[in-house]
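In: Build me a structure from this.
(2 chains)
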Amino acid sequence: MFTPHTPQEIVEMLKVIGVDRIEDLFTSVPEKYRFPKLDIADRLSEMEVLAELNEIASANASTDDFISFLGAGAYDHYIPAAVDMLLQRGEFYTAYTPYQPEVSQGTLQSIFEFQSLMTELTGMDVSNASHYDGATAAAEAVNMAFHIFRGKRKKILVSRAVNPQYRETIRTYMQGQENVQIIGDEEGTDFFDENQTFIEKIDNNTAVVVVQYPDFFGRINDYTKLIESAHEKGALVTFVFNPTALGLLKPPGAFDVDIAVGDGQPLGIPLSYGGPYLGIFTTKEKYIRKLAGRLVGETVDDSGNRAYVLTLTAREQHIRREKSTSNICTNQGLMVLAATIYLSVLGKSGFKQVANLCYQKAHYAADQISRLEGYELAFKETPFFHEFVIKTPKPVNQINLHLQNHWILGGYDLSQDYPELDNHMLIAVTEKISRDDIDEFVMALEEVAHD
Amino acid sequence: MKTPDGLLYAKTDEWIKLDGKEAVLGITDFAQDQLSDVVYVEFMIDVDDQVTKGDAVATVESVKAASDVNFPASGKIIAINEDLIDAPELLNSDPYEGGWMVKMMIDDPSELEELLEAEAYEAYNEEREG
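Out: Numbering: from 1, shown residues only, chains lettered A, B, ... in the order given. All right, here's what the predicted structure looks like:
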């Protein structure tokens, strides 16, 4: 037991403040509340506590026990053992970007390498040291665009095919700004043909257009026309991207988008019941002064050796105060490191291979499922990456309950966010899923249809 | 510290050079010295904007601080010194010539009556420096 003071010390201290007993310190609390009887179990030994907690924990289901087809923003990828091994070195343990370069060269270098990897992955000019997660990075993107126009453009256009949680976070972040309109994702809005009705909503009052790539339904939309139209009206374009998909797809930078953000969780970060994850934020060089978050730069020290420092810090809230773009400079230091190690371990070809496996397996699964009676591939006309929507013969929650008996986690129930998509399941397939897993999933789906 | 004659000075350390209703505006030598090395100038207005006395002309970022430069009078913007975007150090090296910030048409010159002449501004600075 931890005892900070000896009985003798306690007596001495009480004497100094002029009371006889510790209980006397609580006399201002009404007597009947002073020492309540608490309904808690007797004390347990460490061994007993561990056994009890293990028993409680065993009620949880993880992707170690289940085959998972659940995605919708967080993905069950394989994480090489080297990632955790290196990540758990004590030298790297910090949640923050370090201020003191003289004692933090290792951490600063890893963040610099992360930034370099992100710009290579996205084809964008500059990356910051990260945000909390993809949703907050998307909100920071909207906030930055709003500040670039000094609040003069009031309209934020968000596609309904952007992750619903991201849209909610954008609204939360922007609620303090006067007269901001966030539109484009109203219930009933057509999200099946973004490039027509959506483009018409862009006007001279639009600060930024936010679309997802691949979108929330896994679709790879061609945004070329959308980007052209936005730029014609002087509006910025933000892509919310999936980093794994960029192993195969044309990078956001090649589309001339202004801001590209995403969640780095697929890059070597476990699902962990929802976090901590990693917000990736990249943009064009001309917006570097408006960039939220921290930025690590490479320089030389006074002996001419390569060194790393936080740079362009005048943007940040401790100098710019209320005039800074954002008052959040926290980054996800350890998650940044995980993503950096993951990408370094996989290398360029390994990373492409992961993306390719996801793509091929997802397409095999989609093909097999759509052959089943009662199941149909939705959005047939649009190509997809590793996630797709299936129209199901029964409500998705019913199907998922059945799948659990087969140790399978079914897909995401889209009716939660899109009332018109009842009986629509969003299915994700990663490289971890084997052909046998997919065949088992297909069999279980067939079974439940005839249940 | 330079305080050229013929200009008008605000207690918030802007200078203004009047030619009829047309005015050129910048920050004083005293202001740039207090800020130290200026690394970025962000204009808060565009050409043709109608501005009100007290509005922000620009935010000037130095290695030490970020400060707003404010309009000492209302009027319409006719030019912005774009050179400052790529060479913000002009504010340090040449605050009264190359470091001018905006040109504007003043609505009501009487608004400038509270500004100080060079001598009064110098006295004011000495007072502040203690």
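
In: wait, what's in contact with residue 62?
Out: As the question left the chain open, I've gone with chain A. If you count contacts by CB atoms under 8 Å, 6 or more residues apart in numbering or on different chains, A:Ser62 has none. Glycine gets a C-beta too; all of them are placed from N, C-alpha and C.

In: look at chain B instead
Out: B:Ser62 touches A:Ala314, B:Leu35, B:Ser36, B:Asp37, B:Val38, B:Val39, counting by CB under 8 Å, 6+ apart.

In: so what's the backbone phi/psi at it?
Out: The phi/psi pair for B:Ser62 (degrees, to the nearest 10) reads phi -120, psi 180.

In: in the stretch 101-250 of chain A, what spans have low per-residue confidence?
Out: A:191-195 (pLDDT under 70).

In: most neighbours, which of the contacts of B:Ser62?
Out: The most crowded member of the contacts of B:Ser62, judged by other CB atoms under 10 Å in any protein chain shown, is B:Val38 (26 neighbours).

In: What's the local residue count around A:Leu343?
Out: 23.

In: ugh, typo on my part, it should be A:Arg34
Out: Other residues close to A:Arg34 by other CB under 10 Å number 11.

In: Distance of the spatially closest residue to it that is not a sequence neighbour relative to chain B?
Out: Leaving aside its sequence neighbours, A:Arg34 sits nearest to A:Phe26 (CB to CB, 6 or more residues apart in numbering or on different chains; 5.5 Å). Distance, A:Phe26 to chain B, by CB to the nearest CB, to the nearest Å: 49 Å.

In: re earlier: so can I have JSON lines of the contacts of B:Ser62 showing secondary structure, pLDDT and distance to B:Ile106?
Out: JSON lines is the format used below for these (DSSP: H, G, I helix; E, B strand; the rest coil; pLDDT from 0 to 100; distance: CB to CB, whole Å):
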{"residue": "A:Ala314", "secondary structure": "helix", "pLDDT": "69", "distance to B:Ile106": "32"}
{"residue": "B:Leu35", "secondary structure": "helix", "pLDDT": "91", "distance to B:Ile106": "26"}
{"residue": "B:Ser36", "secondary structure": "coil", "pLDDT": "92", "distance to B:Ile106": "31"}
{"residue": "B:Asp37", "secondary structure": "coil", "pLDDT": "93", "distance to B:Ile106": "31"}
{"residue": "B:Val38", "secondary structure": "strand", "pLDDT": "94", "distance to B:Ile106": "26"}
{"residue": "B:Val39", "secondary structure": "strand", "pLDDT": "90", "distance to B:Ile106": "30"}
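
In: Let's see the pLDDT reported for residue 46.
Out: No chain in the question, so chain A it is. Here the pLDDT value assigned to A:Glu46 is 95.

In: um, chain B though
Out: pLDDT, read off for B:Asp46, is 91.

In: contacting residues around it?
Out: B:Asp46 neighbours (CB under 8 Å, 6+ apart): B:Ile77, B:Ile80.

In: From A:Lys152, how far out is it?
Out: 9 Å (CB to CB, to the nearest Å).

In: Grab the CA positions of the helix or strand in which A:Ile111 is found and hand them over as PDB.
Out: Under DSSP states H and E, the secondary-structure element containing A:Ile111 is helix A:105-122. Taking Å, rounded to 0.1, in the frame of the first residue of the first chain, the C-alpha atoms of helix A:105-122 are listed here in PDB:
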ATOM      1  CA  GLN A 105      16.000  15.200 -32.600                       C
ATOM      2  CA  GLY A 106      14.800  11.600 -32.800                       C
ATOM      3  CA  THR A 107      11.100  12.500 -32.400                       C
ATOM      4  CA  LEU A 108      11.400  15.500 -34.700                       C
ATOM      5  CA  GLN A 109      13.100  13.400 -37.400                       C
ATOM      6  CA  SER A 110      10.400  10.800 -37.200                       C
ATOM      7  CA  ILE A 111       7.700  13.500 -37.700                       C
ATOM      8  CA  PHE A 112       9.700  15.000 -40.500                       C
ATOM      9  CA  GLU A 113       9.800  11.600 -42.200                       C
ATOM     10  CA  PHE A 114       6.100  11.200 -41.600                       C
ATOM     11  CA  GLN A 115       5.400  14.500 -43.300                       C
ATOM     12  CA  SER A 116       7.600  13.500 -46.200                       C
ATOM     13  CA  LEU A 117       5.800  10.200 -46.600                       C
ATOM     14  CA  MET A 118       2.500  11.900 -46.600                       C
ATOM     15  CA  THR A 119       3.400  14.400 -49.300                       C
ATOM     16  CA  GLU A 120       4.700  11.500 -51.400                       C
ATOM     17  CA  LEU A 121       1.600   9.400 -50.800                       C
ATOM     18  CA  THR A 122      -0.800  12.300 -51.600                       C
END
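
In: Would you tell me what the next helix or strand after that helix is?
Out: strand A:126-127.

In: Whether that next one contacts chain B - can you check?
Out: No: for strand A:126-127, no contact with chain B is found by CB under 8 Å from any CB of the partner chain; the gap never falls below 15.3 Å.

In: who does that strand touch, helix- and strand-wise?
Out: helix A:105-122, strand A:279-283 (3 or more CB pairs under 8 Å, 6 or more residues apart in numbering or on different chains; DSSP states H and E).

In: Next secondary structure after the last one?
Out: Sequence order places strand A:296-300 as the next helix or strand after strand A:279-283, per DSSP H and E.

In: Quick check: buried residues in that next one?
Out: The neighbour-count check on strand A:296-300 (16 or more other CB atoms under 10 Å in any protein chain shown) flags A:Val296 as buried.

In: low-scoring pLDDT stretches of chain B, where are they?
Out: In chain B, no residues with pLDDT under 70.

In: same thing but 80
Out: Flagging of chain B using pLDDT under 80 yields the residue ranges B:130.

In: which residues of it fall in strands?
Out: B:8-9, B:14-19, B:22-27, B:38-43, B:50-51, B:56-62, B:66-70, B:75-80, B:102-106 (DSSP state E).

In: Alpha carbons only: can I get the longest one in PDB?
Out: In other words, strand B:56-62. Only the C-alpha atoms of strand B:56-62 are listed here, as PDB (Å, rounded to 0.1, in the frame of the first residue of the first chain):
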ATOM      1  CA  ALA B  56      -7.500  45.700 -39.700                       C
ATOM      2  CA  VAL B  57      -5.200  46.500 -42.700                       C
ATOM      3  CA  ALA B  58      -3.000  43.500 -42.200                       C
ATOM      4  CA  THR B  59      -1.600  41.100 -39.600                       C
ATOM      5  CA  VAL B  60       2.100  41.400 -39.400                       C
ATOM      6  CA  GLU B  61       3.900  38.300 -38.100                       C
ATOM      7  CA  SER B  62       7.400  38.700 -36.600                       C
END
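
In: Would you give the sheet partners of it, along with the direction of each?
Out: Strand pairing for strand B:56-62, determined by DSSP bridges: strand B:38-43 (antiparallel), strand B:66-70 (antiparallel).
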